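A.B. asks: Model the following, please.
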Amino acid sequence: MRNLAFGLGAVHHPAMLSPLGESLRRHDPDRFLTTLFAPVERREALVILFAFNHELARAREVTSQSLLALIRLQWWREVVEGEAKPGEISTPLFDLIATGMVERETLLGMIDAREAEVDGHFETLQAWRDWLLAGAGGLAVAAGQALGVRDPQVLHGLRLRGAAYGAAGLLRSRFALARQGFAPWPVDLLEHQGLIPEDAAARPTDAALVPVLSALKAEGAGWLKAARLAPPLPRVARAAALPAILAARDLKRPLDQAPGLRGFGDRFAVTLAALFGRP
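C.D. replies: Modelled structure (predicted):
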């Protein structure tokens, strides 16, 4: 345990990583950390799924034109629907689907969610919930499937945990998102505070935004609470739920506390949950 909790760098020495694994370590260190606790023979499947998720996220980030973002997402939709397109991520992803490790509909739901975020507006709180349950929640379900989970109730628990991690991640990165002009908060909640999305993006520290963000924190906490009612995960699939450990910690942090880099406490909490707990 000491090697994992205190020296995770030794576990993921670059020489031990595939090129995709090394890329994931740089671009999505939270989820990369969780892959280290998956069975070795399934670890690369998680890396592929998380790399796929990163590519979907980039569709909005790399272009200011909605049409171009949708074209990028359509390319991935065609891969998931069964069109073989050679690529570092698309080829192994195609194989994951073809072998039945991951369900096609789960990945299509993730693409639907990314298409919904292209214009950056979610008119209602329910639309915001649906977006996270399909997107970040769908990714957690896909990770569970890749680790052998098929029980619908267990997968539902993973979906809730994944959505909670997505909500916590939005709150954690809200200042970076605002610099991109992206304020993915429900329009109905904003309007109740006399705000519009453009206000929220331009003034992320506006006091009027605090009730909105507090309500969304409560949504994430509610998902985590509901997830505890789901049947427990098999130990071999525990890695799929580990992002929820980070979500729980992030959702407890005050909104006026600027998020910093992940520290020892976060890594240690994930390690303990992976080895001894129930995420």
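
A.B. asks: And residue 161, how close does it get to residue 172?
C.D. replies: Using C-beta to C-beta, to the nearest Å, residue 161 is found at 16 Å from residue 172. In short, each C-beta sits where N, CA and C put it, glycine included.

A.B. asks: Same check on residue 250?
C.D. replies: Distance, residue 250 to residue 172, using C-beta to C-beta: 5 Å.

A.B. asks: How about residue 46?
C.D. replies: Distance, residue 46 to residue 172, using C-beta to C-beta: 21 Å.

A.B. asks: okay, these two: which has more neighbours?
C.D. replies: The neighbour count for residue 46 versus residue 172, taken as other C-beta atoms under 10 Å, is higher for residue 46 (26 against 20).

A.B. asks: dump the residue contacts of the more buried one.
C.D. replies: By C-beta atoms under 8 Å, 6 or more residues apart in numbering, the contact list for residue 46 reads 31, 34, 35, 38, 143, 146, 147, 239, 240.

A.B. asks: Run through the neighbouring helices and strands of the helix or strand harbouring residue 222.
C.D. replies: Using DSSP states H and E, residue 222 maps to helix 210-227. With contacts defined as 3 or more C-beta pairs under 8 Å, 6 or more residues apart in numbering; DSSP states H and E, the packing partners of helix 210-227 are helix 125-134, helix 152-172, helix 187-192, helix 243-251.

A.B. asks: Reformat the ones you listed as a markdown table; add distance to residue 235.
C.D. replies: A markdown table is the format used below for the helices and strands packed on helix 210-227 (distance: least, C-beta to C-beta, whole Å):
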| stretch | distance to residue 235 |
| --- | --- |
| helix 125-134 | 25 |
| helix 152-172 | 12 |
| helix 187-192 | 39 |
| helix 243-251 | 15 |
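
A.B. asks: Those into TSV, with extra columns for mean pLDDT and distance to residue 103?
C.D. replies: Putting the helices and strands packed on helix 210-227 into TSV (pLDDT from 0 to 100; distance: least, C-beta to C-beta, whole Å) gives the following:
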stretch	mean pLDDT	distance to residue 103
helix 125-134	98	13
helix 152-172	97	9
helix 187-192	97	32
helix 243-251	97	20
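
A.B. asks: tell me the pLDDT at residue 257?
C.D. replies: Looking at residue 257, its pLDDT is 78.

A.B. asks: Any idea how many residues pack against it?
C.D. replies: For residue 257, the count of nearby residues is 7 (other C-beta under 10 Å).

A.B. asks: Assign it to helix, strand or coil.
C.D. replies: Secondary structure, DSSP: H, G, I helix; E, B strand; the rest coil: residue 257 is coil.

A.B. asks: Verify the stated contact: residue 203 with residue 197.
C.D. replies: No. Taking contacts as C-beta atoms under 8 Å, residue 203 lies outside contact range of residue 197: 11.4 Å.

A.B. asks: Between the two, which is the more surrounded one?
C.D. replies: Neighbour count, other C-beta under 10 Å: between residue 203 and residue 197, residue 197 has more, with 20 against 14.

A.B. asks: related to what we said a few turns ago, which residues do residue 250 and residue 172 both contact?
C.D. replies: With C-beta under 8 Å, 6+ apart, residue 250 and residue 172 have common neighbours residue 259.

A.B. asks: Toward the C-terminus from the one helix or strand residue 24 maps to, list the very next helix or strand.
C.D. replies: In this assignment (DSSP H and E), residue 24 forms part of helix 19-27. The first helix or strand that comes after helix 19-27 along the chain, using DSSP H and E, is helix 29-35.

A.B. asks: Which strands and helices lie in contact with that next one?
C.D. replies: Contact here means 3+ C-beta pairs under 8 Å, 6+ apart; on that basis helix 29-35 packs against helix 19-27, helix 40-61, helix 243-251, helix 264-276.

A.B. asks: most neighbours per residue, which of the ones you listed?
C.D. replies: helix 243-251 (a mean of 23; mean count of other C-beta atoms under 10 Å).
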